[in-house]
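**Q** okay, here's the prediction I keep looking at, along with the sequence it came from:
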Amino acid sequence: MMAKSIKAAKAVKSAKAVKNDVAKAKLEMEDTTVQPTILIPSGATLLNLSLSDSPEGGYATGTITNIIGDSSAGKSLLAHSMLASCANDKRFNKHLLIYDDVEAACQFDLSRLFGQKYTDRVCAPYTDEDGAPASSDTIQEWLIYMKKLLDKGKPFVYILDSFDALTSEETEDYIDEVEKAHDKNKDMPGQFGAEKAKWSSKILSYLKKKLKDTDSFVLIVSQTRENLSPGSFQKKVRSGGKALEFYSSAIMWLAVADRLKKTVNKKERQIGVLTKIQITKSRLTGKVRDVTLPIYYYYGIDDTRSLVGWLIDNGVWKGEKTIVAEELDIVASKEKLIQMIEEQGLEDKVIALVSKTWRSIERALVPERKKRFE
């Protein structure tokens with residue numbers, strides 16, 4: 001009998017230990033996993049939470065992030081939204097905000113989409129002889145510019161759009177040789193090695209070590225490519241070798257999940273895309289998460305709509321045609337609800353509710369297990 005009593009007491013003690021461990025782990029979730037010096041806003045609250053468990057930002061200063069996506073999936077708009085968020089956030093008043101449009105493909109009306117503060121603060125890395133904005137051409141040129149920028153010791157937030165559009169000096173020399181051979185009707189020169197991949201490893205290693213010194217951040221945009229490697233199960237890849245995978249603290253893949261349309265003059269017309277973002281790497285939390293965002297050509301990322309949809313999908317707000325938003329004392333259709341939130345300036349309340357719900361879900365995911373190590 002005595003042995004059974006001791007066993008029972010140990011079992012009760014063990015159960016209490018497990019509950020205490022779980023309670024402690026859940027309490028720790030309140031303050032998110034990691035708090036770097038500054039969290040940089042991604043431009044979308046759900047993406048911030050997916051990357052860091054915090055609504056304030058998704059990227060850590062002193063790091064590199066790589067976003068890879070299909071054509072028209074919203075990569076550039078996401079990048080611009082991040083810069084616009086920084087331009088409107090006093091935490092970044094001393095940061096240089098730089099957009100390196102290597103592709104020279106940005107045709108958006110940036111002032112209309114992102115406001116006057118964006119227009120006043122965001123600049124190109126170079127100016128040409130006439131004083132017009134200019135971008136990087138080769139990966140070596142980008143390295144030199146980044147070194148000069150880091151040597152100044154001032155903090156910055158930098159977008160490279162895109163890595164694929166950067167060439168290398170070796171590539172340009174090779175093209176010159178091909179042109180000369182063609183003009184002289186000679187045999188073409190042989191293929192050359194992967195110089196760009198070699199240079200990318202050097203520059204990313206250099207950046208990784210230096211960015212923390214100034215609380216700076218670099219976001220690199222990449223295009224998806226079809227994977228032609230035999231025996232691989234991965235359908236899409238990006239250029240640049242393994243350096244981007246290794247040195248990036250966060251990696252996201254973007255794809256078009258749906259086309260957003262509106263009927264005008266009895267005809268459906270596309271007005272944007274529903275973009276699915278798969279986070280495959282986040283050193284802030286170590287978690288793999290997915291998020292879906294509506295992105296409109298004439299508006300950008302619809303943050304409020306994404307948050308309202310998330311609260312409905314997660315059962316916080318009930319209803320189909322009519323939504324009951326109890327915390328806001330609003331009962332209305334989804335479109336009317338979004339309109340009232342913006343008209344009444346309730347965005348912060350919605351963000352707070354989403355954040356609270358997000359953390360409660362994350363706490364519920366903590367295993368009911370005793371810790372292995374003290």
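**A** Now that the structure is in, tell me what you want to look at.
**Q** so where do the strands sit in the stretch 101-250 of the chain?
**A** 122-123, 126-127, 133-134, 156-161, 217-223, 225-226, 236-237, 250-264 (DSSP state E, counting those that start in this stretch).
**Q** and the residue sitting nearest the centre point of the chain, which helix or strand is it part of?
**A** By CA atoms, centre = their mean, the chain has its centre lying nearest to S42, at 5.7 Å. S42 is part of no helix or strand, with elements assigned from DSSP states H and E.
**Q** from D100, how far off is it?
**A** According to CB to CB, to the nearest Å, S42 and D100 sit 18 Å apart. For every residue, glycine as well, the C-beta is placed using N, CA and C.
**Q** do A79 as well
**A** With CB to CB as the criterion, A79 and D100 are 10 Å apart.
**Q** list residues touching both of the two?
**A** By CB atoms under 8 Å, 6 or more residues apart in numbering, A79 and D100 have these common neighbours: 159, 161.
**Q** where does the nearest residue to S85 once chain neighbours are set aside land on pLDDT?
**A** Nearest in space to S85, with sequence neighbours left out and distances taken as CB to CB, 6 or more residues apart in numbering, is P41 at 3.8 Å. You'll see P41 listed with a pLDDT of 97.
**Q** what's the neighbour count on P41?
**A** Using other CB atoms under 10 Å, P41 has 25 neighbouring residues.
**Q** so F156 bridges to which residues?
**A** Note on F156: beta-bridge partners by DSSP bridges are L96.
**Q** list the contacts of it.
**A** F156 touches 95-98, 149, 214, 216-217, counting by CB under 8 Å, 6+ apart.
**Q** now render those residues as CSV, adding neighbour count, pLDDT and distance to E195.
**A** Shown next, in CSV, are the contacts of F156 (neighbours: other CB atoms under 10 Å; pLDDT from 0 to 100; distance: CB to CB, whole Å):
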residue, neighbour count, pLDDT, distance to E195
H95, 24, 97, 32
L96, 18, 97, 29
L97, 20, 98, 31
I98, 20, 98, 25
L149, 18, 94, 23
T214, 18, 93, 29
S216, 25, 96, 26
F217, 26, 97, 27
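**Q** rewinding a little: check the strands of the stretch 101-250 of the chain for me: which has the lowest mean pLDDT.
**A** strand 225-226 (a mean of 66).
**Q** quick one on the thing from earlier: out of the strands of the stretch 101-250 of the chain, which is closest to N314?
**A** N314 sits nearest to strand 250-264 of all the strands of the stretch 101-250 of the chain, at 18.1 Å, using CB to CB.
**Q** show me which residues of the closest one are buried.
**A** Within strand 250-264, the residues that count as buried by 16 or more other CB atoms under 10 Å are 250-256, 260.
**Q** the residue nearest to the centre of the chain contacts N48, correct?
**A** Yes. Assessed by CB atoms under 8 Å, S42 is found in contact with N48 at 5.4 Å.
**Q** what is in contact with those two at once?
**A** 57-58.
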